[in-house]
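In: Got a sequence here, can you build the structure:
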Amino acid sequence: MFLAKSKYLQQIQNIANMAKELKLNVYIRGEKGVGKTFLAKYIAPDALVNPKNISSNYPVIIENFDKLNSFNKTENILIATGEKPLHKENLKKYFDLDIELKPLKEHPQDIEEFMNYFINQAQEELKTDKEIKIKNPDISENLNSLKRQIFKKALFNSKEEILEELFEYYLKEHKNYEEEIRDFEKTLFTAMREKYKSKLQISEKLSLNRVTLTKKMKALDV
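Out: Numbers count the residues shown, from 1 in each chain. The predicted structure follows:
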């Protein structure tokens, strides 16, 4: 499976298909999270990833190849990844093809495709049917941060969602605005007092005048 909506990734897919068909040795480079290992596994789905010793006839995937001090040339099909370009001599010695994967921000047309992929993965792995919506995709670390954001969203409710659930609960239990606000404030102050112990800390955390806080807590019998 290869996700490619942009023309750029479609071109990468065509190159990868050629490498797969011709059984070429490929070096894939790019910054963290751009999908280097993902592409390597697409080219060689049966490859052994970072094997301790290379003795079989299977293709091998070597990650962080650019950080190796030395590497013994092998007859196996070699797919390697790294963040930096290799010296021309090393590139020519080990590889037939050099592929650079650009950051996600340079082909934003693919963001939605990857989001949907990770959302489906999160729902399947976490066994949840929770609807996951991402308004502002985090691509600061490319696919790494995007996947982390989606799995976090699947696992935890946002502050806004928690407040929405709380108010929904209060609306079911009470009939008027004053009762809703009173119960909400009492729950909030009780929780804050258990956590921070002193009114000074509570007032600082809530950016609320200490005198006002004291009056409110007294009125609420907290």
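In: C-alpha only now, for contacts and for neighbours.
Out: Fine.
In: which other helices and strands contact the longest helix along the chain?
Out: With secondary structure taken from DSSP state H, the chain has its longest helix at helix 177-196. Using 3 or more CA pairs under 8 Å, 6 or more residues apart in numbering; DSSP states H and E, the elements in contact with helix 177-196 are helix 159-173, helix 199-206.
In: ok, of those, where does mean pLDDT dip lowest?
Out: When mean pLDDT is averaged over each of these, helix 159-173 scores lowest at a mean of 60.
In: Walk me through the domains of the protein.
Out: 7-102, 108-155, 159-219 (automatic domain parsing).
In: Distance to Met1 and mean neighbour count added to those domains, as TSV?
Out: Output for those, formatted as TSV (distance: least, CA to CA, whole Å; neighbours: other CA atoms under 10 Å):
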stretch	distance to Met1	mean neighbour count
domain 7-102	7	16
domain 108-155	11	16
domain 159-219	34	13
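In: Out of those, which gets the lowest mean score?
Out: Note on the domains of the chain: domain 159-219 shows the lowest mean pLDDT, a mean of 76.
In: So what does Gly33 have for phi and psi?
Out: For Gly33, the backbone dihedrals (degrees, to the nearest 10) come out as phi 80, psi 10.
In: can you map out the strands along this structure?
Out: Applying DSSP state E to the chain gives strands spanning 26-29, 48-49, 60-62, 78-82, 97-100.
In: Run me through the strand neighbours of the longest one, direction for each.
Out: Neighbouring strands of strand 78-82 in its sheet, by DSSP bridges, are strand 26-29 (parallel), strand 60-62 (parallel).
In: what's the answer for the second one, then?
Out: In the sheet, strand 48-49 lines up against strand 60-62 (parallel) (DSSP bridges).
In: Asn57 - nearest residue in space that isn't next to it in sequence?
Out: Spatial nearest neighbour of Asn57, chain neighbours left out: Asn76 (5.9 Å); criterion: CA to CA, 6 or more residues apart in numbering.
In: wait, isn't that neighbour in contact with Asn53?
Out: No. In this structure Asn76 lies outside contact range of Asn53 using CA atoms under 8 Å: 11.7 Å.
In: contacting residues around Ile79?
Out: Each residue near Ile79 by CA atoms under 8 Å, 6 or more residues apart in numbering is listed here: 25-28, 40, 44, 59-62.
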